[in-house]
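Novice: sharing a sequence plus its predicted fold:
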Amino acid sequence: MVLVEMLLKNWLRSRTGVFFSFLFPAMLLLIFGTVFGGEQQVSYTLEVQNLDRQPDGEPTALSKVFIDLLNQSVFNVKEIDPGIDAQEYMTRGAGFQSRGSGFIAVDIKIPTAQPLAS
């Protein structure tokens, strides 16, 4: 019993021993618990102005697929009317009401395939 008491006193005198026995594991628990803990789903509001339009004004298939893929990820996509000025919209602050919001103008142009010359 005397030996245990002496070892405990010796261990408590060592600041490094106390730090790595109690404080360091507690810090690791807090850090990793914050980063990887919980079942919270993270989502971000993303306002998208789809400028990739067909001659009749409808969005192209590729831009629809791109926006659908964004919607299936961590983004909640809010589509913005393509007729408004994006710079003015952003300057007004309408697209940035809450933290985690952003604005993307999608303008995807795919060149038509040209036949190879023989």
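Specialist: Everything's here; your move. These numbers come from a predicted model, not from an experiment.
Novice: point out where the protein drops to low pLDDT.
Specialist: Applying pLDDT under 70 to the chain picks out residues 38-39, 93-118.
Novice: helices of that one, start to end?
Specialist: Secondary structure of the chain (DSSP state H): helices located at 2-13, 15-18, 24-36, 61-72, 86-92.
Novice: which one of those helices lies nearest to E47?
Specialist: Nearest of the helices of the chain to E47, taken as CB to CB: helix 86-92 at 8.3 Å. Glycine gets a C-beta too; all of them are placed from N, C-alpha and C.
Novice: what residues go with each domain of this structure?
Specialist: Per automatic domain parsing, the structural domains of the chain span 2-36, 44-106.
Novice: tally of neighbours for L28?
Specialist: Using other CB atoms under 10 Å as the criterion, L28 is surrounded by 10 other residues.
Novice: and if you look at Y89?
Specialist: Y89 is flanked by 18 other residues according to other CB under 10 Å.
Novice: ok so, going back, can you redo the helices of the chain as JSON lines with distance to Y44?
Specialist: Output for the helices of the chain, formatted as JSON lines (distance: least, CB to CB, whole Å):
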{"stretch": "helix 2-13", "distance to Y44": "48"}
{"stretch": "helix 15-18", "distance to Y44": "42"}
{"stretch": "helix 24-36", "distance to Y44": "18"}
{"stretch": "helix 61-72", "distance to Y44": "10"}
{"stretch": "helix 86-92", "distance to Y44": "16"}
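Novice: and for T60, the neighbour number?
Specialist: With other CB under 10 Å as criterion, T60 counts 16.
Novice: again, but for P25
Specialist: Neighbour tally, P25, other CB under 10 Å: 11.
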